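*Asks:* sequence first, then the predicted structure:
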Amino acid sequence: MFDTLSDKLQTVFRKLRGHGKLKEEDITAALREVKLVLLEADVHFKVVKDFIEAIRSRAVGQEVMESLTPAQQVVKIVHEEMATLLGDGEPKIHLSGQPPIAIMLVGLHGCGKTTTAAKLAVYFRERNRLPYLVPADSYRPAAIEQLQIMAMESGVEFYESSPEQSPLEICQRARQEASAGGYDLMLVDTAGRLHIDEPLMEELSEIKGQLNPKEVLLVADAMTGQDAVNIAMAFNDTLDIDGVILTKMEGDARGGAALSIKGVTGKPIKFIGTGEKLDALEVFHPDRVASRILGMGDILSLIEKAQASFDEQKARELESRLRKEAFTLEDFRDQIRRIRKMGSIENILNMIPGSGGLKGLKGIQFQEQELVKIEAIINSMTAQERLHHTVLNGSRRLRIAKGSGTTVQDVNRLLKQYTNMLKVVKRMRKGGTKELYKMLRI
């Protein structure tokens, strides 16, 4: 997420730090580079202009010029202005009123609207709401089927619409069903088009008038840059949207859409999609995203992910097992599962302050498939083998490799990693973290 933009901005600020005391021409030169970086990232030109001027008006004043750490002050100003540009505090979802509360999702074909509807249902269910999915795209039968399949996979209830029903009829009947079933949220996946046209907007306006939704959220593809901004403007002009959900953020290295939408439309980004899985949806925190872009990490989001993935009681049990050197391959597998729930390793590392500049991390491709392979190997072991790895002789390793669809070399590699980790834990108990650093050569 924002890799290219982040790398280029950090390069600019590294140059600035090399100046010591800053002169006005130093700041002007740095802001010229920042401007070019943002334009290359496909940020709207008016947004870039206002952003640069806001920084300039603060950076050439006493706040920076008389500071003992002027370069750091400039970065602080850029962070604050970028957080303001991205939004004003954490965006709120309005869910008050007589249930079922309607949330209407709009957008063009291919933006990920249907998947996002299912993600939102999972998100709200985990927060003790009772969501009801409504497939209201009767023009594309595959959209109805897709949403129903995802609803069944995630255990969320849905209205069984059919292509013979009109979108308005679907919404009306779905509301009756949701009310009768005691559901407090209706998530309506509306029809899209390949491009914006008048019939689409008329239909969406009619649905909005009928449902009176508390939230009309535009789903837009972050990787389309300025196109996403133009789409947001068009939908906002007709429907007066309440916010935006940007999808495919995990593949957006430039960040043009995220940095432009609020400044151009005045409407906040409320959620971002960070992967294909139904739990890959995050609340959009402007200050945290600004920190990620500027290479400062995002510790708060990392903590929240960890809290959602790790049970406190199990963490204490694990600590106890580590102290007793009773950490088995079964424990190893459980930890891998919890890490995978937090998202990709690369995404987790990007949340750690300063990780972008660590030697050896840049360019590494963290393959999710490797974690899947490790879990498959451990799953192919018997209960006894997972508890006592020393019984794993050659014939057992061959059986495990065949059962997991891997090779004996893969099994050997896993066992080597596991035994090395046990050595690390043992040395940490004896020598503390200094011994661990020594082993890892940090």
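*Replies:* On my side now, so go ahead.

*Asks:* which residues touch Val134?
*Replies:* 158-159, 161, 170-171, 174, 178, 186-189 (Cβ atoms under 8 Å, 6 or more residues apart in numbering). All C-beta atoms are positioned from the backbone trio N, CA, C, and that covers glycine.

*Asks:* with Glu375 instead?
*Replies:* With contact taken as Cβ under 8 Å, 6+ apart, Glu375 is in contact with 333, 336-337.

*Asks:* against Arg386, how distant is it?
*Replies:* From Glu375 across to Arg386, the span is 12 Å (Cβ to Cβ, to the nearest Å).

*Asks:* residues shared between the contacts of those two?
*Replies:* Arg333.

*Asks:* possible to save the contacts of Glu375 as TSV with neighbour count and secondary structure?
*Replies:* Converted to TSV, these look like this (neighbours: other Cβ atoms under 10 Å; DSSP: H, G, I helix; E, B strand; the rest coil):
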residue	neighbour count	secondary structure
Arg333	18	helix
Ile336	16	helix
Arg337	11	helix
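
*Asks:* now flag whichever of those is closest to Asp221.
*Replies:* Taking Cβ to Cβ as the measure, Asp221 sits nearest to Arg337 out of those, at 30.5 Å.

*Asks:* what's the distance between the closest residue to that closest one other than its chain neighbours and Thr407?
*Replies:* By the measure of Cβ to Cβ, 6 or more residues apart in numbering, the closest residue to Arg337 outside its immediate chain neighbours is Glu375, 6.9 Å from it. Separation of Glu375 from Thr407 (Cβ to Cβ) stands at 16 Å.

*Asks:* the helices in the stretch 251-400 of the chain, which residues?
*Replies:* Chain-ordered helices for the stretch 251-400 of the chain, with DSSP state H, counting those that start in this stretch as the definition, fall at 256-265, 286-293, 299-309, 312-323, 329-341, 345-350, 368-379, 383-387, 394-404.

*Asks:* low-scoring stretches of the stretch 1-150 of the chain, by residue?
*Replies:* Under the criterion of pLDDT under 70, the regions of the stretch 1-150 of the chain flagged as low confidence span 1, 18-20, 61-69.

*Asks:* which residues in it form strands?
*Replies:* Under the criterion DSSP state E, counting those that start in this stretch, the stretch 1-150 of the chain carries strands at the ranges 101-106, 131-136.

*Asks:* neighbouring strands for the first one, and are they parallel or not?
*Replies:* Each strand pairing with strand 101-106, determined using DSSP bridges, is listed with its direction: strand 185-190 (parallel), strand 215-221 (parallel).

*Asks:* any chance of TSV for those strands, columns distance to Leu5?
*Replies:* Formatted as TSV, the entries for the strands paired with strand 101-106 read as follows, by distance: least, Cβ to Cβ, whole Å:
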stretch	distance to Leu5
strand 185-190	31
strand 215-221	17
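
*Asks:* want to throw the contacts of Glu375 into TSV with distance to Gly182?
*Replies:* Formatted as TSV, the entries for those read as follows, by distance: Cβ to Cβ, whole Å:
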residue	distance to Gly182
Arg333	39
Ile336	38
Arg337	33
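
*Asks:* just those now: which is nearest Asp26?
*Replies:* Checking these against Asp26 by Cβ to Cβ gives Ile336 as the nearest, at 48.1 Å.

*Asks:* show me the contacts for that closest one.
*Replies:* Counting by Cβ under 8 Å, 6+ apart, the residues that Ile336 touches are 371, 374-375.

*Asks:* quick check: the gap between it and Tyr418.
*Replies:* According to Cβ to Cβ, Ile336 and Tyr418 sit 11 Å apart.

*Asks:* now Tyr123
*Replies:* Tyr123 sits 35 Å away from Tyr418, taking Cβ to Cβ as the criterion.

*Asks:* what does Leu108 give?
*Replies:* For Leu108, the distance to Tyr418 (Cβ to Cβ) stands at 48 Å.
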